[in-house]
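J.: heads up, no residue letters with this:
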Ligand code: TRP
């Protein structure tokens, strides 16, 4: 039986952090056994808002691949591939651009939010406005039927499926399958400062390569309940990053529930909760860090992994490109 095809990926704009681990890397490890998984190093998509910083986009290709391998992505079971080296994705993007309107792109909630967040105003790079179309090309080219993405990306899958229906209607038969977005139930990990999103640029992230000292410092500085002044005071667990992280990383759910109850009642100090969290994070990150630094000394191996994944992806995406172009009735040589 063939396994369902799953495509996910990351823009190559910097090394990954604990938020990526909780939100996506962990579930990708599980998918390796049940799905045919492709991981896309989305360097072309990274350029849509980083054209001024090609150096960062380029060096992050290896960084992100190192993170994948360090957490246990197994290239024998998951293909890691490089977007810019897959010409069929660009060709399908050009085709699909004729099937969507600018108005529809501007209405896409993901794009709307991101334009606002990045302060583009009217000076939106055209590639940025159109990246949902490029992502539709990614998804359909791999014939992925399952796309795990963050909640904020769900509208992209909806737009992908509109394009799929358009292509099928124009061809008069089913050339492409719709895809299903799956949103990881873990939800998004907040930054150590309590802001909604962990991000390197906001300076509130714990990278997967963090040193033991980095981890200690991050936990020490972590946002808790600002009104919880004395150990005996009752404290708030909601919005308290230490407990959010314990929920995400402590497997002993009963113990966490017990700690929360004590914190709420009064009698549990921040330091005690933080000590527990720190032990868990140190134990989680230590093997990742070790493996990452070993792999970082063998860049040729990492490049080879990406090359092999990309060659496999090239065949698959090129075949889809041909099926779609032929299916729509374009002239073939
Ligand atoms: N948009 C994704 C992100 O920002 C990266 C990505 C590019 C992607 N192409 C994809 C994810 C295709 C899933 C499927 O993280």
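T.: On my side now, so go ahead. It should be emphasised that the depicted structure is a prediction, and the values quoted were computed from it without experimental measurement.
J.: Secondary structure element for the residue in the stretch 51-200 of the chain that the ligand sits nearest to, which one?
T.: Nearest residue of the stretch 51-200 of the chain to the ligand: residue 138, at 4.1 Å (CB to the nearest ligand atom). For glycine as for every other residue, the C-beta is placed from the backbone atoms N, C-alpha and C. Using DSSP states H and E, residue 138 falls within helix 131-141.
J.: what pLDDT does the residue of the stretch 51-200 of the chain closest to the ligand get?
T.: Looking at residue 138, its pLDDT reads 98.
J.: That one and residue 164: what is the separation?
T.: 13 Å (CB to CB, to the nearest Å).
J.: which one of the two has more residues nearby?
T.: A count of neighbours by other CB atoms under 10 Å puts residue 138 above the other of residue 138 and residue 164, at 28 against 21.
J.: element containing the closest residue to residue 34 other than its chain neighbours, please.
T.: What sits nearest to residue 34 in space, not counting adjacent residues and going by CB to CB, 6 or more residues apart in numbering, is residue 3, at 6.6 Å. For residue 3, there is no helix or strand it lies in under DSSP H and E.
J.: Any idea how many residues pack against residue 3?
T.: Residue 3: 11 neighbours (other CB under 10 Å).
J.: How about the one 3 residues further on?
T.: Each residue near residue 6 was counted by other CB under 10 Å, and the total is 24.
J.: what residues are up against the residue lying closest to residue 71 once chain neighbours are set aside?
T.: Spatial nearest neighbour of residue 71, chain neighbours left out: residue 25 (5.0 Å); criterion: CB to CB, 6+ apart. Residue 25 sits next to 16, 67-68, 71, 73 when contact means CB atoms under 8 Å, 6 or more residues apart in numbering.
J.: helices and strands around the one helix or strand residue 79 maps to, which ones?
T.: Assigned by DSSP H and E, residue 79 belongs to strand 78-82. Secondary-structure packing of strand 78-82 (3 or more CB pairs under 8 Å, 6 or more residues apart in numbering; DSSP states H and E): helix 26-34, strand 36-42, helix 54-71, helix 299-327.
J.: out of the ones you listed, nearest to the ligand?
T.: strand 36-42 (3.7 Å).
J.: Check the secondary structure at residue 8 for me.
T.: Using DSSP: H, G, I helix; E, B strand; the rest coil, the structure places residue 8 in strand.
J.: quick one: it from residue 263, how far?
T.: According to CB to CB, residue 8 stands 35 Å off from residue 263.
J.: doesn't residue 144 fall inside a helix?
T.: No - per three-state DSSP, residue 144 lies outside any helix segment and is coil.
J.: hang on, the earlier thing: most neighbours among the contacts of residue 25, which one?
T.: Neighbour-wise, those (other CB under 10 Å) top out at residue 68, 27 neighbours.
J.: Which positions in the stretch 51-200 of the chain make contact with the ligand?
T.: 135, 138-139, 147, 149, 153 (CB under 6 Å from any ligand atom).
J.: Any regions of this protein where pLDDT drops low?
T.: The model of the chain has pLDDT under 70 over residues 1, 185-186.
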